[in-house]
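A.B. asks: Coordinates for the following, if possible.
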Amino acid sequence: MKDLASFHRVHMAQLPTPIEPLYRLSLKLKGPTIWIKRDDRTGLAGGGNKARKLEYLVAEALKQKSDLLITAGGAQSNHCRQTAAAAVRNRLGCDLVLGGSPPAIANGNLLLDELLGAELHWTAPENRSQAMEELAEKRRRQGRRPYVIPIGGSNRLGALAYAVAMQETLNQLSQMDVDPDAIVFATSSGGTQAGLAVGARIFGYYGRLLGISIDRTDSGPQPFRSELAALANDLASLLQLQETFQPQDFEINTDYLGEGYGRMGKPERDAIRLLAREEAVILDPVYTGRAMAGLLDMIDKGVFSRKQNVLFWHTGGAPAVFAYAEEFLKTE
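C.D. replies: As a prediction, this is how the structure comes out:
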């Protein structure tokens, strides 16, 4: 296997991120002991899991002598916000292709995108990938050297960051004498989950890796588990691993899709309030709020016993909370 440390990265994240016990929450729920991996504390303009991925992606962009980062996401994309920050840190330009229409007032991540100096381009959500490629070609004609980062930073370099993150986490857990029965996290574009799966295979984690889908089902022309397997195998090839992954190797719960991507309902509001009031931990409305709502429901249903340990991986996104202020006023 290729040495993980041999891959060039631009150090931007504050690592290792801490693992903390959620004792008050665990006591209130009368369920398993819950721990939290604080990737909301990676730094880089508000923190989040994308900082890890961008260390490798920006290193590749610099290797190719690019002068501009292009990526895409939703209006409240954590990935776009951190890509804009990474561009500033490395003296690169940044174009963001955002799905939807510009709001009357920029708030949350979108406000930070503007503060960071990114150039924003709006298109229909389903056209974002095509719009990125068209924009990249336009920039080339203008004499720029763009580097296109896929949505969520979810290619094999982005996934590599989470294989490394799994090593970091298992080392921490070993020092704490904690062996989680399950690691639970939000999953969407797939890079985090694929990287964790590869890291688990390399470093010997045999518990559950449970991705709670925030917007993906496992139906359609390209089922999500198949995408995860393809991405994990691409990373395994990069690492020269004699390992292969199959769709059935990935556990995904799609019971908590709620009202759709970016729409916060009562389960997400309740989960965000609960973590804030019990642990002073701020979740986001799109990813971690939904994933935690799913975990809370699973605990309520007895999926995890009181004797178990569960690690919740906080992938960040707190700046998005401010864009949902009116939603938090709802009482239903």
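A.B. asks: which stretches of the stretch 201-332 of the chain form strands?
C.D. replies: When secondary structure is read from DSSP state E, counting those that start in this stretch, the stretch 201-332 of the chain shows strands at 208-213, 251-253, 309-314.
A.B. asks: Distance to residue 287, mean pLDDT and mean neighbour count added to those strands, as a markdown table?
C.D. replies: No exception for glycine: its C-beta is placed from N, CA and C like everyone else's. Converted to a markdown table, the strands of the stretch 201-332 of the chain look like this (distance: least, Cβ to Cβ, whole Å; pLDDT from 0 to 100; neighbours: other Cβ atoms under 10 Å):
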| stretch | distance to residue 287 | mean pLDDT | mean neighbour count |
| --- | --- | --- | --- |
| strand 208-213 | 9 | 97 | 23 |
| strand 251-253 | 14 | 96 | 18 |
| strand 309-314 | 9 | 98 | 24 |
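A.B. asks: Can you give me the buried ones in stretch 51-61?
C.D. replies: Residues 51, 52, 53, 54, 55, 56, 57, 58, 59, 60, 61 are the ones in stretch 51-61 that count as buried (16 or more other Cβ atoms under 10 Å).
A.B. asks: ok, the last one - contacts?
C.D. replies: Pointing back at residue 61 there. Residues in contact with residue 61, defined by Cβ atoms under 8 Å, 6 or more residues apart in numbering, are 69, 90, 92, 147, 149.
A.B. asks: Including neighbour count, distance to residue 323 and secondary structure, could those residues go into CSV?
C.D. replies: CSV is the format used below for those (neighbours: other Cβ atoms under 10 Å; distance: Cβ to Cβ, whole Å; DSSP: H, G, I helix; E, B strand; the rest coil):
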residue, neighbour count, distance to residue 323, secondary structure
69, 24, 23, strand
90, 18, 27, coil
92, 20, 26, coil
147, 21, 28, strand
149, 27, 23, coil
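A.B. asks: before we move on, back to that, and the strands of the stretch 201-332 of the chain as CSV, adding distance to residue 77?
C.D. replies: Rendered in CSV, the data for the strands of the stretch 201-332 of the chain read as follows (distance: least, Cβ to Cβ, whole Å):
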stretch, distance to residue 77
strand 208-213, 17
strand 251-253, 21
strand 309-314, 17
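A.B. asks: Tell me which of the buried residues of stretch 51-61 fall in helices.
C.D. replies: If you go by DSSP state H, the buried residues of stretch 51-61 have 51, 52, 53, 54, 55, 56, 57, 58, 59, 60, 61 in helices.
A.B. asks: what pLDDT does the fourth one get?
C.D. replies: It stands for residue 54. Residue 54 is assigned a pLDDT of 98 by the prediction.
A.B. asks: Chain neighbours aside, what residue packs nearest to it?
C.D. replies: With Cβ to Cβ, 6 or more residues apart in numbering as the criterion, residue 54 has its nearest non-adjacent residue at 4.4 Å, and that residue is residue 86.
A.B. asks: Then the fifth one?
C.D. replies: The spatial neighbour of residue 55 that comes closest, neighbours along the chain excluded (Cβ to Cβ, 6+ apart), is residue 9 at 4.1 Å.
A.B. asks: Any idea how many residues pack against that neighbour?
C.D. replies: With neighbours defined by other Cβ atoms under 10 Å, the count for residue 9 comes to 19.
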